Structures are given as C-alpha cells and as structure tokens.
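Peer 1: quick one: sequence plus predicted model below, questions after.
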Amino acid sequence: MSNPLYDRLFGIHAGKDTPFLHLPNGQTVTHADFLDMAARLANALIGYELEPGDRVAVQVEKSPEALALYAACAQAGLIFLPLNTDYTTAELQYFIENSEAALVVCDDAKSKGLAPIAAAQNARLETLNADGSGSLMRRALGMLPAFEPVRRSEEDLAALLYTSGTTGRSKGAMLSQANLLSNAETLVREWRFSADDVLLHALPIFHTHGLFVATNVVLASGGSMIFLPKFDLDDMLRLMPQATSMMGVPTFYTRLLGDDRFTGDLARHMRLFISGSAPLLAETHERFETRTGHRILERYGMTETNMNTSNPYDGERRAGTVGFPLPDVELKVTDPESGETLRQGEIGMIEVRGPNVFQGYWQMPEKTAAELREDGFFITGDLGRVDEDGYVHIVGRGKDLIISGGFNIYPKELEMLLDDQPGVLESAVIGVPHPDFGETPVGLLVAEPGAMPDLDAIMANAQAELARFKHPRKLIVLDALPRNTMGKVQKNALRERFAKLFT
Ligand code: MLC
Ligand code: AMP
C-alpha cells in the first residue's frame, strides 16, 4: 500500500545494512536496525488503538528511539507532534488540549505532572526516556519488527508543529506529507547530499531545522548522521573529522569560532556548513571563512514553510543574505499595508508560495486566513528585499519576535505574565543583542503608583511558568514606556536604549 512519506524517506532503506546513526558512544544504528525499531513502535502505537490522523504529542530527549517514533508515526499514518523538551507542564497543557492528542509520550520525570492533563483529554500517556527505556519501548520490544505502512496520500497531514503567535496562544502548523517530501527532495539536490554524506547532527529534533531539514535530507539521500544528544563543543570538535557536513544555528558557529581548538585543519575535509533559523552576522561568516576557508551556506525557512531560500552550492554564498528562492518556491516582497508587490530592491513583507507551504493552522481558520492568502501566498512576517542580483536579504521582522539561539520567543507571552505580577502596571519585552544567543529577552516594567515590584520574586514566577530559553535575562523598572502618538509602545526606541546591555 502506498504511503509516500514512509516509502520515500524510510521504505527505500528496507533491508540495508548501511549506517544511519553514528552514536557518540561509538555504536552505529544501521538503516535496517532503525526500520526494525520503527516497525516495532508502529505495532505498539496501533496496539493503543490509535487511528490514522490521530495526533501523537511527543516531549522526549533526542535519541534513536525518539527518531524512530517519528518514522513509526509516518508508517502508521499518525500525526507527529514534537515538543520542546524545555516546555513546562503549564506550557504542555495547552499543546495537548489544543491538538486533542490521542497519545502523549514523555520522559518518566514528566509523566506525573502530565498524567492528569492527558486523562482530562482521554489521551493515553506512555513514557520514553533518553536511554530508550520507558513503557513505550518496553511494549515495542515485544512486537514484530515488520509493519505494513498505513495507506496515505501526499495530501494527508504528517506533522503538527506549534509556533507561537504574536497576539495570543501558539498555533499548530499543519504540514502535509507533500510539504515535507517536496522540501527534502529539493534540498538534497540543491545541497548535493548523497549516500556518502555524514552529517554532524547536534540540533534538537523537535523543530523544523533538526527534524525536517537535517533528518529528512539525510534520509532522502541515504547518508548517515553523527547523532549527538545536544550541542557540546568538545563532542563537536572530536567528531567533526568524521563528518562531511554540518547544519546549525548561528550560535553553533560563534561557539566554534570562540574556541582555539577549532582550526582550519579540523574542517578541511568538510564539504558543507549550513546555517539558518536566525540571522548569521556577516562578521561571523567572514571570520569562519578566514579560519577554515569555508563559506557558510545560509538559508532561510520557518515552521510553516520549511525552507524557502538558500544561498547557492556553486556560485557566490553572499554573507548577510539568505540566497535565492528554492526551485518551486515563489517569493515576492509586498507592501505590508496594501499587499501590493513592490519593485525589486524595495523593502517590504516577504511572501512565499510553493509545495513547501503548510496547510493552515490547526482548527484556527481565522488565523489561517489572516496569514495564508487564498492564492496560496503565505505572509511570513519577515521584512526583506531582493537585491539587484536576486539575493534575498532579511532586514527585520514585521512580527514582534525574539530569536534566542534559534528558539523563538514571543514577547507577548512574557508581557502577559509580567503584567499579572504584583506591583506591575505594565511591561514591554524586547530582544537585545547577545554574544552567544544572538538576541535575548529583557523585561521592562512600569510599577503601579507607589509600588516597588520585587524583581527576584517576579523572575522566580516567570521561571516557574516558562521554558528556560524564554526566561527574561534581566528585568528593569522604568518610570514609563515610550509611546507614539497612537499610544503604541515604541519598542525600537527601547531596543536602541538597551542595545549594549550584554555586548
Ligand atoms: C539553552 N538555553 C537557552 C537556549 N538554549 N537560553 C536561551 N536561548 C537558547 N537557545 C538555556 C539552557 O537551558 C541553560 O539554562 C542556559 O541557557 C545555558 O545553556 P547552554 O548550555 O549554554 O545552552 P545549550 O544547552 O548549549 O543550548 C544552546 C544551543 C541550543 C544554541 C545549542 O539552544 C540549540 O540547540 N538551539 C537550536 C535551536 C533550533 O534548533 N532552532 C530551530 C528552530 S526551526 P541553565 O538554567 O541550565 O543555565 C526554525 C526554522 C528554520 O527556526 O529556519 O530553521
Ligand atoms: P520558526 O517559527 O521557529 O520556524 O522561525 C522562523 C523564523 O526564523 C523566520 O520567520 C525568520 O524570522 C527566522 N529565520 C530563519 N532563518 C533565518 C535566516 N537565515 N536569517 C534570518 N532569520 C531567519
């Protein structure tokens, strides 16, 4: 039976004893081993009486088993919903409820807190730990390593990835099999991935970058990955000589450059370094070339669209740009007010259309209609321009968003929490430059008349509610927030004023 995502990424490797995952302990998982694990998991999932199209919410550490769960969902026709391992129980509750997940898979340590949430949703709760232990694998190990893929079409949904909203709660981006496959196959061609590639993989696998860009490209090309649980500088330096390629957020590159052990020699045999998820400073690009002789290939994408543009494999990789629209991706720059297409060179809203563009937000037709035009163009929220040679430049964001080390933080979410704190009249959260994370959030508070907000207590409350990467790095009390004549807080003025806080 046909299941394009499973067939074209996983099924093509059936029976192959070729390496797929190289683990830091020296072990190798072959394609055949991996597919056996996935099939056992698919049998276990179906045993839980899940139906094709059901959502499987997964908050687990990166491991071969966690990746096999993605394959198992594809094979069983289930919608994979990966979640940041840093999310607190309060944050998870929303995703589980909103997606109406039928199964929640989490670490043993999280299961107690999630049990009532899953129960209220009539969802099953199973566990999978970083070492592969837990109730899910226990069950899977008793299953047969063979599973007939559930029939699916390219239009069926493969994944639901949550992305925060500028005004309210997170939105689940619905990604179809065709969205994922078309992008993976294009990137394999554009970036020349082959069965000879060994990708140094240190990204998390709960976001587009580590899951769909990195993993799907390696799967579609038949290559292998050095599969690290997280970015660790010592591991990166030790294992780079065994790799041919690396994908990372800009923080990976600045951290490598910050270590003298990272030399041109260590990177000499590498074929390709790719950066994305946040702006790579032209200065980092240049320092990297001076140190290693390699020009980093920068590309641009997002959860809703996978990858949209890329610098060329052959030809000039231009620092400070994100290259050209990928084949099949149409890109235009429009007037944010009128939606009219602007002339080449003018700055405006970047809109994209193509087989990579998602199907809309899960059960949010109004939000979908506001961002995805009827003619298929998606309004990215990124401001940019196309230069005279066709290179796309991202010059800013029309959306109020902070990107810290490649993770997105929506100021609105922090502001709502800060506004509720004792003694706080109002707040504004801004992103300021940070040497390691690129940007980091700072909370600016205005006290209620006569009150003295307890900043330590407020920070502790924020830390209890929010994932670690969202914690404000600093809280500052101001007399008032600067506003324009319309009463809107002038965040640009605040960003300028606090630009040098950490640099
Ligand atoms: C970790 N911390 C962060 C953080 N990551 N804080 C802010 N921003 C981040 N990104 C916390 C840790 O929990 C820790 O808290 C403290 O900061 C210092 O940790 P660290 O050891 O220095 O950080 P580390 O764990 O090494 O993580 C940094 C990182 C990681 C950059 C390696 O964040 C990372 O892998 N980022 C990649 C994100 C990503 O994949 N984005 C793709 C999104 S998809 P404490 O309390 O212990 O001190 C997308 C589309 C596209 O955007 O185009 O690709
Ligand atoms: P996410 O919603 O996590 O998928 O983040 C997507 C956002 O990351 C985009 O809308 C951009 O703002 C940003 N982004 C991704 N790649 C780049 C890049 N190469 N340069 C600048 N911003 C980027």
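Peer 2: Ah, there it is. Numbers count the residues shown, from 1 in each chain. Ligands and ions are numbered 1, 2, ... in the order given.
Peer 1: spell out which residues of the chain are next to ligand 2.
Peer 2: Where the chain comes near ligand 2, counting by Cβ under 6 Å from any ligand atom, the residues are 163, 208, 276-279, 298, 300-303, 322, 380-382, 394, 397, 403, 408. (Glycine included, C-beta is placed from N, CA and C.)
Peer 1: take those and keep only those in helices.
Peer 2: T208 (DSSP state H).
Peer 1: list phi and psi for the residue lying closest to I402 once chain neighbours are set aside.
Peer 2: Beyond its immediate neighbours in the sequence, the residue positioned closest to I402 (Cβ to Cβ, 6 or more residues apart in numbering) is G431, lying 3.4 Å away. G431 adopts backbone torsions of phi -100, psi 130, taken as degrees, to the nearest 10.
Peer 1: who's in contact with G431?
Peer 2: By Cβ atoms under 8 Å, 6 or more residues apart in numbering, G431 lies in contact with L401, I402, I403, S404, I409, P411, E439, T440, P441, V442, R495.
Peer 1: 6 Å - rerun?
Peer 2: I402, E439, P441 (Cβ atoms under 6 Å, 6 or more residues apart in numbering).
Peer 1: before we move on, what about E366?
Peer 2: Applying Cβ under 6 Å, 6+ apart, no residues contact E366.
Peer 1: checking my notes, it in a helix, right?
Peer 2: Yes - read with DSSP: H, G, I helix; E, B strand; the rest coil, E366 is one of the residues of a helix.
Peer 1: quick revisit: where does the residue nearest to I402 land on pLDDT?
Peer 2: Looking at G431, its pLDDT is 97.
Peer 1: quick one: it and D328, what's the gap?
Peer 2: Distance, G431 to D328, using Cβ to Cβ, to the nearest Å: 32 Å.
Peer 1: now swap in P24 and tell me
Peer 2: From P24 to D328 the distance is 37 Å (Cβ to Cβ).
Peer 1: next one: A178
Peer 2: Counting by Cβ to Cβ, the separation of A178 from D328 is 11 Å.
Peer 1: more neighbours: which of the two?
Peer 2: Using other Cβ atoms under 10 Å, the more surrounded residue of A178 and D328 is A178, with 18 against 13.
Peer 1: and the residue of the chain found nearest ligand 1, how many neighbours does it have?
Peer 2: Nearest residue of the chain to ligand 1: G405, at 2.4 Å (Cβ to the nearest ligand atom). When neighbours are counted by other Cβ under 10 Å, G405 registers 20.
Peer 1: ok, it - contacts?
Peer 2: When contacts are counted by Cβ under 6 Å, 6+ apart, G405 touches T251, F437.
Peer 1: just the pLDDT for it.
Peer 2: Looking at G405, the pLDDT reads 98.
Peer 1: backbone phi and psi for it, please?
Peer 2: The phi/psi pair for G405 (degrees, to the nearest 10) is phi 50, psi 30.
Peer 1: E426 reaches V446, doesn't it?
Peer 2: Yes - counting by Cβ atoms under 6 Å, V446 is a contact partner of E426 at 5.1 Å.
Peer 1: need the residue closest to the centroid of this protein.
Peer 2: Central residue of the chain (Cα atoms, centre = their mean): H207, 2.9 Å from the mean position.
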